[in-house]
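Q: everything below, folded, please.
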Amino acid sequence: MFSPYQYKCGLDIGSSKIAACLAVIKGQDIVDIFFDSQKITGVRYGTITDSAKVVEGIRRVLVSLRAKVKVPIRQLYTNISGQDIHWKTVHTVIPLTERGTKLINSLDVERITQQVLLLGSSLDEEIIHHIPLSFSVDNKTGIRNPEGMAGHTLAVEMQLICAKISALQTISYAVQSAACEARDISFSGLATAEVVFDDTLRHGVNILIDMGADITEILIFSEGLLQEIILLHTGGNDLTRLLMERFSLPFEVAEELKLSCSMDNYFSDSAKEKETLVKSDGQLRALRQKEVISALSEKTKTICLLLKDELERKIKFSEIKNCFFCGQAVLQEGFLEVAEHIFGIPVELARIREHTLAAYLSSNIQLGGLKYMTYLTALGLVVRHLSFHPPKILETKNPSANFFQKAYHKLWEIYQEYF
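A: Numbering: from 1, shown residues only. Down below sits the predicted model:
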């Protein structure tokens, strides 16, 4: 039976949780979105270390979503990050014609893209994203789209984001073991950027800092183009471990204590003087809230100094137009204030600015307060694969194999060259 609805599922596999969303689409409108998340173990620094635990987490999330939407979920879009990601910039040039000039068409762009993919490929990696930084036609540089321009040679500088084939296979196997198929695996940071930025991304220098449990991703964009990726082995678990050591707590208790100090739980000056009870070694202990927040602020300062040091190696802070933070770790009381003081520039908490989602989600009680932060990457995975969504981060298309299109363009090239 024909259904007017389509369903797209985004699955964000993180080091401490799996978050998923299922969008119900009719025509060019998102009419509903369903959400679920589950805590997991078995992922460290973005790499799956215990497949069975990850499979069980994926299965629980999908079962919950199926129960909510009452439809089978056979395919989904998921992500990869961490130490299995590698990026590089490749430059190449191709001749367009033996003599004279010719008008550049989409097949010429495909041909030079294919050349870049060949130059940038390796036996143990797969290229998952190829993002053009700029094209050059003869001696004209800094071109965004060369189609329709005439020239003798075409050159491109392209950013390639690669992932280890073994890691991609492990992720695909985990999804398949949960009775589903991974249609596509994207770099987490690009998916998040799709929903965090609006059209202002295309102007000036914009920074996205996504702090996970044990991985922090920093993406630097300039005039809408991805210029740099920085991955650091630091995150929310560093804050948890500090509380473990400072107050002699088990990890699980320290994690709960950390979460109790998030922005969702606002603390007045008087409330900070109160005590909070934690259970350790079977006994209840009273900790002053002020001491806990102070300890977290100290570690936050250390983390922000590390972030600043890494950013200063790539860019001048005076050039930054927008700096957005996301991730559960940045929700700690006073985190943004410390970051703003260390960076010396205004910083903001990331929010959903993508117009396709913003209007719908503004009235969604499931994402009230700061709950949306859990699903930013999952939503980005869905948005990246909407046919009616103009992408924020432009990628070249994968080379096609359309025989008739290629034959047409070849005949046109011959006509241009000789007549």
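Q: all strands of the stretch 101-250 of the chain, in order?
A: Here the stretch 101-250 of the chain has its strands, by DSSP state E, counting those that start in this stretch, at 102-103, 125-137, 140-143, 150-151, 153-164, 181-187, 205-211, 216-222, 225-232.
Q: I'd like these as a markdown table, with mean pLDDT, distance to residue 354 and mean neighbour count appended.
A: The way it works is simple: take the backbone N, C-alpha and C, and place the C-beta from them, glycine included. Converted to a markdown table, these look like this (pLDDT from 0 to 100; distance: least, Cβ to Cβ, whole Å; neighbours: other Cβ atoms under 10 Å):
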| stretch | mean pLDDT | distance to residue 354 | mean neighbour count |
| --- | --- | --- | --- |
| strand 102-103 | 91 | 35 | 16 |
| strand 125-137 | 93 | 19 | 18 |
| strand 140-143 | 92 | 27 | 12 |
| strand 150-151 | 94 | 36 | 18 |
| strand 153-164 | 95 | 21 | 20 |
| strand 181-187 | 95 | 15 | 18 |
| strand 205-211 | 95 | 13 | 23 |
| strand 216-222 | 94 | 15 | 22 |
| strand 225-232 | 92 | 17 | 18 |
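Q: out of these, nearest to residue 325?
A: Ranking these by their distance to residue 325 (criterion: Cβ to Cβ) puts strand 205-211 first, at 5.1 Å.
Q: pull up the pairing partners for that closest one, direction included.
A: The partner list of strand 205-211 in its sheet, established with DSSP bridges, is strand 216-222 (antiparallel), strand 320-326 (parallel).
Q: redo these as TSV? Include distance to residue 151.
A: Rendered in TSV, the data for these read as follows (distance: least, Cβ to Cβ, whole Å):
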stretch	distance to residue 151
strand 216-222	25
strand 320-326	33
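Q: ok, which of those comes nearest residue 253?
A: That would be strand 216-222 among the strands paired with strand 205-211, by Cβ to Cβ, at 24.1 Å.
Q: just want the angle from the closest one to strand 125-137.
A: With axes from the mean of the first three to the mean of the last three Cα atoms, to 10 degrees as the criterion, the two stretches strand 216-222 and strand 125-137 enclose an angle of 20 degrees.
Q: got the CA positions of the helix or strand hosting residue 10 in PDB?
A: Counting by DSSP states H and E, the element that carries residue 10 is strand 5-13. The C-alpha coordinates for strand 5-13 follow below in PDB (Å, rounded to 0.1, in the frame of the first residue of the first chain):
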ATOM      1  CA  TYR A   5       5.300   9.500   4.300                       C
ATOM      2  CA  GLN A   6       9.000   8.900   4.200                       C
ATOM      3  CA  TYR A   7      11.100   8.000   7.300                       C
ATOM      4  CA  LYS A   8      14.700   9.000   7.900                       C
ATOM      5  CA  CYS A   9      16.600   7.900  11.000                       C
ATOM      6  CA  GLY A  10      19.800   9.400  12.400                       C
ATOM      7  CA  LEU A  11      21.900   7.500  14.900                       C
ATOM      8  CA  ASP A  12      24.600   9.200  16.900                       C
ATOM      9  CA  ILE A  13      27.000   6.700  18.400                       C
END
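Q: which other helices and strands does that strand contact?
A: Counting contacts by 3 or more Cβ pairs under 8 Å, 6 or more residues apart in numbering; DSSP states H and E, the secondary-structure elements packed against strand 5-13 are strand 17-26, helix 51-69, strand 75-80, helix 165-177, helix 188-196, helix 376-383.
Q: which residues sit against it?
A: Applying Cβ atoms under 8 Å, 6 or more residues apart in numbering, the external contacts of strand 5-13 come out as 18-26, 31, 43, 48, 54, 58, 61, 65, 69, 71, 73, 75-80, 171, 174-175, 188, 191, 375, 377-382, 385-386.
Q: and that strand, which strands flank it?
A: Sheet pairing for strand 5-13, using DSSP bridges, gives strand 17-26 (antiparallel), strand 75-80 (parallel).
Q: buried set for the lengthiest helix in the chain?
A: The helix of greatest length in the chain, counted in residues with DSSP state H as the criterion, is given as helix 289-312. Neighbour-count burial for helix 289-312, counted by 16 or more other Cβ atoms under 10 Å, picks out 289, 292-293, 295-297, 299-301, 303-304, 307, 311.
Q: now for those: which two are most distant?
A: Greatest spatial distance among the buried residues of helix 289-312 (Cβ to Cβ): 289 and 311, at 31.8 Å.
Q: just for this structure, where's the confidence low?
A: Regions of the chain meeting the criterion pLDDT under 70 cover residues 1-2, 263-273, 277, 280-284, 365-366, 368, 387-419.
Q: distance of the residue minimising distance to the centre of it relative to residue 85?
A: With distances taken as Cα atoms, centre = their mean, the residue of the chain nearest its centroid is residue 189 (2.2 Å). In this structure, residue 189 and residue 85 are separated by 9 Å, where distance is defined by Cβ to Cβ, to the nearest Å.
Q: domains in the chain, by residue range?
A: For the chain, automatic domain parsing gives the domain ranges 5-83+166-195+353-383, 85-162+398-418, 202-235+302-349, 236-296.
Q: now the terminal residues of the last one, how far apart.
A: Spelled out, it's domain 236-296. Domain 236-296 has its terminal residues 10 Å apart, counting by Cα to Cα, to the nearest Å.
Q: run a quick neighbour tally on residue 359.
A: Residue 359 has 9 neighbouring residues, counting by other Cβ atoms under 10 Å.
Q: which other helices and strands contact the helix or strand harbouring it?
A: Assigned by DSSP H and E, residue 359 belongs to helix 355-361. Where contact means 3+ Cβ pairs under 8 Å, 6+ apart, helix 355-361 is packed against strand 29-39, helix 376-383.
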